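Student: with the input below, show me the fold.
(one chain, ligands or ions: 1)
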Amino acid sequence: MPRHSATFILVKDAAGFEIVDDYYLVIYPNTNVRVPIGKNLSPELQAICAKVIEMPSAERLEMLQNATNAWDGEMKQETKHANMKPIENGKIVPYSGWACEEAGCGLTENLWLNLIDGAIRCGRSQFISEGQKSKGNNHMKQYYDATGFPLVVKLGTIENETADVYSYDEDDAVIDPNLRSHLAHFGLDVDRLHKTEKSTLELELDMNQKCVTTKAAKA
Ligand SMILES: [Zn+2]
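Tutor: Have a look, this model is predicted:
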């Protein structure tokens with residue numbers, strides 16, 4: 001039965017890290033023999049390989065769920081704020097139609113919810129492809145600097161109780177095991193939330209993929 005394998009090569013240069021994926025066809029159990037995927041294969045087999053390559057790999061899925069960033073694959077740790085009690089301010093957060101609450105901003109994407117008081121602010125701008133950056137005015141970071149409320153979750157990344165949660169004072173992506181109750185405090189039922197935005201890590205992985213594709217096209 002044919003299986004596909006992926007090889008990850010980490011290349012460090014002045015610009016930072018890049019992840020390069022190489023795909024080969026191998027015939028189980030002789031997995032040492034690698035057949036390049038190209039015109040040497042029948043069109044049907046090429047199509048099957050293309051489908052398999054398109055699917056998010058098990059590694060990618062695991063990384064998205066557990067890793068703190070794309071570069072070192074370091075595992076996320078449980079936040080030290082897991083048992084914090086959100087402020088009783090009566091704030092109810094709607095299920096959609098979010099916008100940055102900073103005066104004069106109003107950004108409707110790349111938004112973060114502060115789990116301490118329910119404030120909504122935009123995130124930082126980050127590269128999403130070569131020379132292109134996502135929108136963001138860094139208002140949540142400024143909000144943290146002003147209030148000291150450290151735990152935030154990216155709106156639109158919450159599904160099945162997993163989400164892009166960040167802790168400013170721990171300076172890392174973290175796991176909030178009490179995300180369900182923290183969201184419920186602001187009127188949000190985690191079971192009714194679905195993923196509509198890419199997480200920070202997904203954007204980083206996409207960025208790598210785009211760089212690789214661009215380089216391959218240039219070559
Ligand atoms: Zn903003």
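Student: and residue 44, which of the three is it?
Tutor: Under the three-state scheme (DSSP: H, G, I helix; E, B strand; the rest coil), residue 44 adopts helix.
Student: okay, it: pLDDT?
Tutor: Note for residue 44: predicted pLDDT of 90.
Student: next: residue 73.
Tutor: Model confidence at residue 73, given as pLDDT, is 61.
Student: repeat for the one 10 residues further on
Tutor: What the model reports for residue 83 is a pLDDT of 96.
Student: list the contacts for it?
Tutor: Taking CB atoms under 8 Å, 6 or more residues apart in numbering as the definition of contact, the neighbours of residue 83 are residue 178. Yep, even glycine has a C-beta here, placed from its N, CA and C like the rest.
Student: so which residues of the protein form helices?
Tutor: In order along the chain, the chain carries the following helices (DSSP state H): 43-54, 58-66, 139-147, 179-184, 200-218.
Student: do you know which of the ones you listed lies nearest residue 121?
Tutor: Among the helices of the chain, the nearest to residue 121 by CB to CB is helix 139-147 (3.8 Å).
Student: for that closest one, give me every contacting residue.
Tutor: Taking contacts as CB under 8 Å, 6+ apart, the residues outside helix 139-147 that touch it are 100, 102, 105, 107, 112, 114, 116-117, 119, 121-124, 149-150, 152, 168.
Student: quick check: mean pLDDT across it?
Tutor: If you average the pLDDT over helix 139-147, you get 98.
Student: go ahead and build a PyMOL selection from the buried members of the contacts of helix 139-147.
Tutor: Command for PyMOL that selects the buried part of these, burial taken from 16 or more other CB atoms under 10 Å:
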select buried, resi 100+102+107+112+114+116+117+119+121+122+123+149+150+152+168
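Student: okay, and which of the contacts of helix 139-147 map to strands?
Tutor: Using DSSP state E to define strands, the subset of the contacts of helix 139-147 located there is 112, 114, 121, 122, 152.
Student: show me which pair in those residues is furthest apart.
Tutor: Using CB to CB, the ones in strands among the contacts of helix 139-147 reach their maximum pairwise distance at 114 and 122, which is 12.0 Å.
Student: circling back to that earlier point, and the ion, which of the contacts of helix 139-147 contact it?
Tutor: Among the contacts of helix 139-147, the ones lying close to the ion by the criterion of CB under 5 Å from the ion are 100, 102, 105, 107, 122.
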